[in-house]
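Chemist: A predicted structure for the sequence below; I have some questions about it.
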Amino acid sequence: MSFFRPDTLQQLLERARGYPDVGLRFVDAAERESFHSWPEIEERSALVAGGLARLGVASGDRIGLLFPTSIDFIAAFFGTLLASAVPVPLYPPVRLGRMSEYHVRTAAMLDTVEARLLLVDRRVRTVVGETLATLPPRALPLGTRTLEELPPRARLTAAGHPQDLALVQFSSGTTVEPKPVALTQAAVLAQVRLLNAHWPDRADLPGGRPTGVSWLPLYHDMGLIGCVFTALERPSTLTLLPPEAFIGKPALWLRTLSRHRATISTAPNFAYALATQRIRDEEMVGVDLSGWEVALCGAETVVPEVLRAFAARFARWGFRATALVPVYGLSEAALAVTFPPLGRPFVARRFDRLALADRGEAMASPGGVELASVGRALPGFELALRDEAGDAVGERRVGRLFVRGPSLLRGYLHQPEATAKALVDGWLDTGDLAFVDDGELYLTGRAKEMILVRGKNYAPADLELAVAGLVDARPGCAVAASYLPAGRATEEVLLFVEHAKSASLEGMRLLESATREAVLARTGLAVERVIVLPPGALPRTSSGKLRRGETLRRYLGNALTPPGKTGPVQLAWILARSRWKLLRGMK
């Protein structure tokens, strides 16, 4: 067959019709599998597009998508594109104890993008009734539909244009409210091709193409752009697990990787920690991880000791530490910005904590804070580190990170002021602080979240990691922040800590002093106030990151209230277990 170079996702899907042996495989919590070839996916999507056209969807209309990981999400996404509209993936309800918050935020997202239609999964339709009631009267003029409720339709396909929007995805919102990141077809395809260039085809693999396994949410760029779109561009087969299945039973991730001899899989730092802690030996019977060649780690702070513990834990099942790859990216760049070389042990170095805090200087120190390298800029990307005056800083000096490259956002949809602030002369202000050592990038924190005490900067993550080893603290559930109270000359440092569900009353009582001691020992900083909270009290983003700024805002407004008994909470993906139970009950 002839091979052409597509310019849009729609053209990628059309080309994939010629590859009936590869596609998407869905695995449920019981490890039952269903396979959908790319030709079948194209057919389903074209029929959805026909239904959207009959409903009155026009070119450029934004369509909200509210689905769990499923073939329906895929058909809805590509169907929207084939109808010349713009998909806006939204996260399904995950925190049943905070549904009022979910309704308000989801309604705000739909209103922000001026969505004309909301496509929903039939099992969650009744759950979002209050979301719809929260919207202004002018919103969603075409209403809410499941795929089954679309008008009877014939196939419809539109090739699209490279400068059309491929999707609008909301940023994580760790420091501010989530922003609608508008990504063009050209930007998305540039990113996808950069990623696929990092793992070349191999003759010893089925079809000569690498295969992947992912449990990441499809409303997030790591799951959608980094996994689904890269599989489509090859084309190759990708195996998808629901996030809630991974959280409920982390061994499913590794068992699925082994069963399908997958070579690539991506996860945030917390997932490697969860797998290390929760997977039992008996769940690994027959598992072989020797084929897993690229284990990417991104989306949140990379903790070297977590990666080392994972490698040590699963070495007996063939996992190689050289597979671990810490990376850096952000939604405004359509995902990845830096990668280290593949096949080498990941690089982690220790730097003097006081030199970083006092002078913004990265000095090697055997007893210092350990940071992981996230590598060098991907081809076509440039990095610049600047001081507060906007001047470039040299190697081993901390600066604000700016990036320029082929997959940057067009802007924030309908937000020109925010766009102008983020994009300056083609450079994206990431808001991250970092330095370069031996040519490789090391991240030190978010500029807006740095804690300034008596002229010294402290990264919140450093304080939060000090809590990780405390028995009565919930792993990954601590937030550090500071503010300047009226009448004071120095900032007050606060640390919010969720206690473990298993903590006794005495353990909860002692957690405050234990937290102070742990932070002082790790960072040399005395925390003035420790606020112990019940599980699930800390606010999070749709992708599961802790919202430090929102935590402080709620605390100062006396609105940091317990969510009630919401079940296990680690990140939004852990909270997805509650959603899964609800959906199962609706079947």
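Modeler: On my side now, so go ahead. Numbering: from 1, shown residues only.

Chemist: for residue 522, what are its contacts?
Modeler: With contacts defined as Cβ atoms under 8 Å, 6 or more residues apart in numbering, the neighbours of residue 522 are 462, 463, 465, 466. (Each C-beta comes from the backbone N, C-alpha and C, glycine too.)

Chemist: Then residue 344?
Modeler: residue 322.

Chemist: so it, which of the three states?
Modeler: Following DSSP: H, G, I helix; E, B strand; the rest coil, the label given to residue 344 is coil.

Chemist: how near is it to residue 375?
Modeler: 10 Å (Cβ to Cβ, to the nearest Å).

Chemist: How about residue 453: which residues does it bridge to?
Modeler: Per DSSP bridges, the residues bridged to residue 453 are residue 456.

Chemist: So it is in contact with residue 525, correct?
Modeler: Yes. Taking contacts as Cβ atoms under 8 Å, residue 453 lies within contact range of residue 525: 6.5 Å.

Chemist: so what does the host helix or strand of residue 549 touch, helix or strand wise?
Modeler: Taking DSSP states H and E as the definition, residue 549 sits inside helix 548-556. Helices and strands touching helix 548-556, by 3 or more Cβ pairs under 8 Å, 6 or more residues apart in numbering; DSSP states H and E, are strand 473-483, strand 492-499.

Chemist: re earlier: could you check which of residue 453 and residue 525 has the larger neighbour count?
Modeler: Neighbour count, other Cβ atoms under 10 Å: between residue 453 and residue 525, residue 525 has more, with 22 against 16.

Chemist: Assign a three-state SS to the more buried one, would you?
Modeler: Going by three-state DSSP: residue 525 is coil.

Chemist: ok now do it, which residues does it touch?
Modeler: 451, 453, 458, 463, 493, 519.

Chemist: same thing but 10 Å
Modeler: Residues in contact with residue 525, defined by Cβ atoms under 10 Å, 6 or more residues apart in numbering, are 353, 357, 451, 453-454, 456, 458, 462-463, 466, 480, 493, 495, 516, 519.

Chemist: likewise residue 216?
Modeler: Neighbour list for residue 216: 69, 222-224, 226-228, 240-241, 243, 246, 265-268, 271, 299, 543, 573 [criterion: Cβ under 10 Å, 6+ apart].

Chemist: In strands only, show me those residues.
Modeler: Among those, the members falling in strands are 240, 265, 266, 267 (criterion: DSSP state E).

Chemist: Residue 262 versus the first one, what's the distance?
Modeler: Distance, residue 240 to residue 262, using Cβ to Cβ: 11 Å.

Chemist: buried subset of the contacts of residue 525?
Modeler: Neighbour-count burial (16 or more other Cβ atoms under 10 Å) is assigned, among the contacts of residue 525, to 353, 357, 451, 453, 456, 458, 462-463, 466, 480, 493, 495, 516, 519.

Chemist: Would you give the sheet partners of the helix or strand containing residue 64, along with the direction of each?
Modeler: Per DSSP H and E, residue 64 falls inside strand 62-66. Its sheet considered, strand 62-66 pairs with strand 86-89 (parallel), strand 117-120 (parallel) by DSSP bridges.

Chemist: which stretches of the stretch 1-150 of the chain have low pLDDT?
Modeler: Filtered on pLDDT under 70, the stretch 1-150 of the chain yields the residue ranges 1-4, 94-98.

Chemist: Could you pull out the strands in it for me?
Modeler: For the stretch 1-150 of the chain, applying DSSP state E, counting those that start in this stretch gives strands covering 23-27, 33-37, 62-66, 86-89, 117-120, 144-145.

Chemist: can you check the stretch 401-550 of the chain too?
Modeler: Using DSSP E, counting those that start in this stretch, the strands found in the stretch 401-550 of the chain span residues 411-412, 423-424, 427-437, 440-446, 451-453, 456-458, 473-483, 492-499, 529-533.

Chemist: Nearest to residue 147, out of the ones you listed?
Modeler: Smallest distance to residue 147 across the strands of the stretch 401-550 of the chain (Cβ to Cβ): 29.2 Å, for strand 411-412.
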